[in-house]
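Chemist: Quick one: sequence and predicted model below, then my questions.
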Amino acid sequence: MTQNDEEYGVFPLRSFLDFTIKEESAGVASAVLNIDERHLNPNGVMHGGVIFTLADTAMGKATMSILQEGQICASIEVSIRYLRAVTEGELVATASVIKAGKSVVHLESQIAVEGNQRLVAIVHGSFAVINT
């Protein structure tokens, strides 16, 4: 079942950065942000922390889409490789589960400007599965 960001929950950082979250399918999710001046660093390019936040959130959503009721997740390790600077457009982080274990889920996220096939960043992450 596809879920939108309201079902994922509103949290202050998502609200401040003004991006949307969408489950594409089980194990796949995306975060989308229209770049504006609040997302830029002092050099006028997209702040790396904003790109990281998009990828981390998409990976969390992708992980949550495959968990059982009563389970949540948390990032344990996330590494990002920035490939190019971006200054405008709609940034899309698409995350996919690579391997889901009982206690750890491994994912990859690719970040690109919508309509442009050139990647902005590639992210790998591991998320803990937590029983509540």
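Modeler: Everything's here; your move.
Chemist: C-alpha only now, for contacts and for neighbours.
Modeler: Fine.
Chemist: Run through the strands of this structure in chain order.
Modeler: 19-25, 28-34, 71-82, 90-100, 104-113, 119-131 (DSSP state E).
Chemist: Show me the one of those that comes nearest residue 62.
Modeler: When the strands of the chain are compared by CA to CA, strand 28-34 sits nearest residue 62, at 4.8 Å.
Chemist: Show me what that closest one is packed up against.
Modeler: strand 19-25, helix 48-64, strand 90-100 (3 or more CA pairs under 8 Å, 6 or more residues apart in numbering; DSSP states H and E).
Chemist: Any idea how far the second one is from the middle of the chain?
Modeler: Going by CA atoms, centre = their mean, to the nearest Å, the spacing between the C-alpha centre of helix 48-64 and its chain's C-alpha centre is 2 Å.
Chemist: Same question for the first one.
Modeler: Put simply, strand 19-25 sits 9 Å off its chain's centre (CA atoms, centre = their mean).
Chemist: what's the answer for stretch 74-87, then?
Modeler: 10 Å.
Chemist: Same list (the strands of the chain) but as CSV, adding mean pLDDT.
Modeler: Output for these, formatted as CSV (pLDDT from 0 to 100):
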stretch, mean pLDDT
strand 19-25, 93
strand 28-34, 97
strand 71-82, 97
strand 90-100, 97
strand 104-113, 98
strand 119-131, 97
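Chemist: Dump those into JSON lines; add distance to residue 54 and mean neighbour count as well.
Modeler: Shown next, in JSON lines, are those (distance: least, CA to CA, whole Å; neighbours: other CA atoms under 10 Å):
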{"stretch": "strand 19-25", "distance to residue 54": "8", "mean neighbour count": "20"}
{"stretch": "strand 28-34", "distance to residue 54": "6", "mean neighbour count": "24"}
{"stretch": "strand 71-82", "distance to residue 54": "11", "mean neighbour count": "15"}
{"stretch": "strand 90-100", "distance to residue 54": "6", "mean neighbour count": "22"}
{"stretch": "strand 104-113", "distance to residue 54": "8", "mean neighbour count": "22"}
{"stretch": "strand 119-131", "distance to residue 54": "10", "mean neighbour count": "20"}
